[in-house]
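In: Following is a predicted model, sequence given first.
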Amino acid sequence: MQPPIFPVCVADPVVTALLGTAPTRLYPFGEAPQGVSLPYAVWRNITGGPENYITGVPDIDRWMLQVDVYASIGSDAIAVTVALRDAIEPHAHIVRWGDQDTDTGTGNKHTNFDLSWYVQR
């Protein structure tokens, strides 16, 4: 049970133009390979669960996700963030724009956002 962030994003030609194909550089948290080409993005589940009702079985799962984008320059990080936003918004709601900063270990530019995704079972 995972939200369909990867299939939604790889179906978008602007996302794949920026993050590539085979592989598309959008990874679950902790799975980006060492030395991956920039730009790339990672996503992780922050929280989630079924939409429970007083009676009956839940028919929707909800997810709160965080997406982090890394690039060598800030404008590339913003371009990827915009592309991901445009691909995701028809399916889920962005609920927070996060930091725009520089990773102290790598010098890579970084931005992030959170989204709420409801998935029909």
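Out: That came through fine. Numbers count the residues shown, from 1 in each chain.

In: State the pLDDT value of the most far-flung residue of the chain relative to its centre.
Out: Within the chain, Thr55 marks the point farthest from the mean C-alpha position, 33.2 Å out by C-alpha atoms, centre = their mean. pLDDT, Thr55: 89.

In: Show me the strands in this structure, by range?
Out: Ranges of strands in the chain, per DSSP state E, are 26-28, 40-50, 60-71, 93-102, 109-120.

In: Would you tell me which one of these is buried the most?
Out: Per-stretch averages of neighbours, counted by mean count of other C-beta atoms under 10 Å, single out strand 60-71 among these, with a mean of 20. Where C-beta positions appear, they are placed from N, C-alpha and C, glycine not excepted.

In: Identify the residue spatially nearest to Gly20, adjacent ones excluded.
Out: With sequence-adjacent residues excluded and distances taken as C-beta to C-beta, 6 or more residues apart in numbering, Gly20 is closest to Ser37, at 7.5 Å.

In: Let me fix that, I meant to ask about Thr47.
Out: Leaving aside its sequence neighbours, Thr47 sits nearest to Met64 (C-beta to C-beta, 6+ apart; 4.7 Å).

In: per-residue confidence at the residue nearest to Asp86 when sequence neighbours are not counted?
Out: What sits nearest to Asp86 in space, not counting adjacent residues and going by C-beta to C-beta, 6+ apart, is Val14, at 6.7 Å. Per-residue confidence at Val14 stands at 98 (pLDDT).

In: Okay, now the unreliable bits of the protein?
Out: Within the chain, the stretches with pLDDT under 70 are 1.

In: So which residue is smack in the middle of it?
Out: Nearest residue to the geometric centre of the chain (C-alpha atoms, centre = their mean): Val67, 3.7 Å.

In: got the contact list for that residue?
Out: Contact analysis of Val67 by C-beta atoms under 8 Å, 6 or more residues apart in numbering lists 5, 41-43, 84, 112-115.

In: Let's have those in TSV, adding distance to Thr24.
Out: Output for those, formatted as TSV (distance: C-beta to C-beta, whole Å):
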residue	distance to Thr24
Ile5	11
Ala41	9
Val42	12
Trp43	12
Leu84	11
Asn112	18
Phe113	18
Asp114	21
Leu115	18
